[in-house]
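Participant: No letters, just coordinates:
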């Protein structure tokens, strides 16, 4: 029986994702931006939270943990490299560790760059990935604590997941990301199709995630820094992909479209 998933909007543009194993009744939330909307979503389903899976230490991903921990007694699991910064952490995990939520099992992928110890969770049997603020739909996180080379290596790990992997990220940034991406690849047909779909989704009040890894490989310029056409588009033809990625990220940082 497939995992049950509920996407929970939090704060201004964050998402928490609730994941339930129907066989055992175990329930996890990936990141906890704000306790109240997560509690409401759990109450609506009559689910009891058993696990909190943390991707990184930023406040808009962890500030709901204390209230959720107090109410449900859920086990808090987070990145080993940021253990001192995660409130009420019960288990610290790193590369290739396995995390179980009832009968569901995820492999931990270390994806530093946005923060130094950022991790992602890949439920391979479910074809689900939770990428936090490393990979966004048609975007990626700012490189805050790491380097562009580190972030590019992390994105390559996520890009290597099967094309039909559905991934969830920590924010609703897709439309803004698309506006920027079109400045890099204005003729990309896959990007144009994603732009139309995202516009429809938002007009209907729908989230733009999950997306698939295959869709992102075709349309997300941050995953395409090793494509010759993308390198040429930013004036770096023949240069290393990490340099191309760094240039794209720098342009996004100053983009105001």
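Facilitator: Structure received. Since the structure is predicted, the reported quantities are computational estimates derived from the model, not experimental observations.

Participant: quick one: residue 209 and residue 215, what's the gap?
Facilitator: Distance, residue 209 to residue 215, by CB to CB, to the nearest Å: 11 Å. Any C-beta I mention is one placed from the backbone N, CA and C, and that applies to glycine too.

Participant: just residue 175 next, same as before
Facilitator: Counting by CB to CB, the gap from residue 175 to residue 215 is 15 Å.

Participant: more crowded one of those two?
Facilitator: Shown here are residue 175 and residue 215; by other CB atoms under 10 Å, residue 215 has more neighbours (20 against 15).

Participant: Ramachandran angles for that one?
Facilitator: In terms of degrees, to the nearest 10, the main-chain angles of residue 215 are phi -60, psi -40.

Participant: Report the beta-bridge partner residues of residue 92.
Facilitator: With DSSP bridges as the criterion, residue 92 is bridged to residue 78.

Participant: could you list every residue that touches it?
Facilitator: Residue 92 is in contact with 77, 78, 79, 80, 83, counting by CB atoms under 8 Å, 6 or more residues apart in numbering.

Participant: wait, what's in contact with the third one?
Facilitator: By that I understand residue 79. 54, 55, 56, 57, 86, 92, 93, 94, 110, 117, 118, 119.

Participant: One more pass at 6 Å, please.
Facilitator: The contact partners of residue 79, by CB atoms under 6 Å, 6 or more residues apart in numbering, come to 117, 119.

Participant: again with the fourth one
Facilitator: Applying CB under 6 Å, 6+ apart, we find residue 80 in contact with 92, 93, 94.

Participant: okay if I get the residues you listed as JSON lines plus pLDDT and distance to residue 13?
Facilitator: Shown next, in JSON lines, are the contacts of residue 80 (pLDDT from 0 to 100; distance: CB to CB, whole Å):
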{"residue": "92", "pLDDT": "98", "distance to residue 13": "28"}
{"residue": "93", "pLDDT": "98", "distance to residue 13": "27"}
{"residue": "94", "pLDDT": "98", "distance to residue 13": "29"}
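
Participant: which among the residues you listed gets closest to residue 106?
Facilitator: Among the contacts of residue 80, residue 93 lies closest to residue 106 (CB to CB), at 9.4 Å.
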